[in-house]
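J.: A structural model of the following input is requested.
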Amino acid sequence: MNIRIATTDAEIAACYPVMRELRPHVGEEQFLPRVRSQENAGYRLAYVQEQDSVVAVAGFRVGENMAWGHFLYVDDLVALPGHRSKGYGAKLLSWLKEQAAKEGCEQMHLDSGIQRKEAHRFYEREGMTMASVHFVEKVAPNKALQATPKSGAPEL
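T.: Residues are numbered from 1 along each chain as shown. Next up, the predicted model:
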């Protein structure tokens with residue numbers, strides 16, 4: 001089982017049918033631009049290919065903050081339904097741990113929706129521990145700030 005980083009537009013696009021399983025709100029036409037935009041913040045997309053099709057993907061990034069120090073964060077981890085329980089997720093998670101070590105990370109983190117009980121059992125089986133509760137609140141973006149060029153601060 002070979003794991004690669006998607007770097008070309010074609011490789012990224014080939015990951016979409018798998019990612020759609022986890023992120024159905026992201027349309028196919030949005031996928032490539034979103035991955036490319038997120039790459040500016042360090043996002044990478046790893047994938048497992050079986051024969052000629054992608055069967056599992058993991059989106060991740062390396063960062064640093066006060067709470068965790070230097071860490072690898074797993075944004076996305078998913079396999080196609082017909083390819084689950086065949087070791088792809090475990091292999092990707094193990095590969096991500098190796099990447100974290102290579103990048104000098106002290107920890108690896110991910111969030112998982114509270115409804116995803118099977119995923120939680122999988123993560124625990126793979127040696128991860130549930131360490132926190134994540135809170136969220138939707139915010140209406142300030143349209144004036146969104147129109148401001150990225151290179152400068154908004155004029156006051």
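J.: every contact and neighbour count from this point should use C-alpha atoms.
T.: OK.
J.: any idea where the strands of this structure begin and end?
T.: Along the chain, counting by DSSP state E, strands occupy 3-5, 44-50, 53-65, 69-79, 107-110.
J.: quick check, distance from the first one to the centre of its chain.
T.: Read that as strand 3-5. 13 Å (CA atoms, centre = their mean, to the nearest Å).
J.: indicate each strand paired with that strand and its parallel or antiparallel sense.
T.: Note on strand 3-5: by DSSP bridges, its sheet partners are strand 44-50 (antiparallel).
J.: for the last one, same thing?
T.: Strand 107-110 pairs in its sheet with strand 69-79 (parallel), by DSSP bridges.
J.: between the partner strand and strand 53-65, how big is the angle?
T.: 160 degrees (axes from the mean of the first three to the mean of the last three CA atoms, to 10 degrees).
J.: helices of this structure, residue ranges please.
T.: Remark: helices assigned in the chain by DSSP state H are 9-22, 28-39, 88-102, 117-125, 143-146.
J.: list the buried residues for the first one?
T.: Of the residues in helix 9-22, those with enough neighbours to count as buried (16 or more other CA atoms under 10 Å) are 11, 12, 13, 14, 15, 16, 17, 18, 19, 20.
J.: and those, which is closest to residue 76?
T.: For the buried residues of helix 9-22, the minimum distance to residue 76 (CA to CA) is 7.9 Å, reached by residue 19.
J.: looking at the helices of the chain, which is closest to residue 63?
T.: helix 88-102 (10.4 Å).
J.: would you mind putting the CA coordinates of the closest one into PDB?
T.: Extracted in PDB, the C-alpha atoms of helix 88-102 (Å, rounded to 0.1, in the frame of the first residue of the first chain):
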ATOM      1  CA  TYR A  88      -6.400   1.900   4.700                       C
ATOM      2  CA  GLY A  89      -7.300   4.200   7.600                       C
ATOM      3  CA  ALA A  90      -4.900   2.500  10.000                       C
ATOM      4  CA  LYS A  91      -2.100   2.700   7.400                       C
ATOM      5  CA  LEU A  92      -2.800   6.400   6.700                       C
ATOM      6  CA  LEU A  93      -2.900   7.200  10.500                       C
ATOM      7  CA  SER A  94       0.300   5.300  11.000                       C
ATOM      8  CA  TRP A  95       1.900   7.200   8.100                       C
ATOM      9  CA  LEU A  96       0.700  10.500   9.600                       C
ATOM     10  CA  LYS A  97       2.300   9.600  12.900                       C
ATOM     11  CA  GLU A  98       5.600   9.000  11.100                       C
ATOM     12  CA  GLN A  99       5.200  12.300   9.200                       C
ATOM     13  CA  ALA A 100       4.600  14.000  12.600                       C
ATOM     14  CA  ALA A 101       7.800  12.500  13.900                       C
ATOM     15  CA  LYS A 102       9.800  13.400  10.800                       C
END
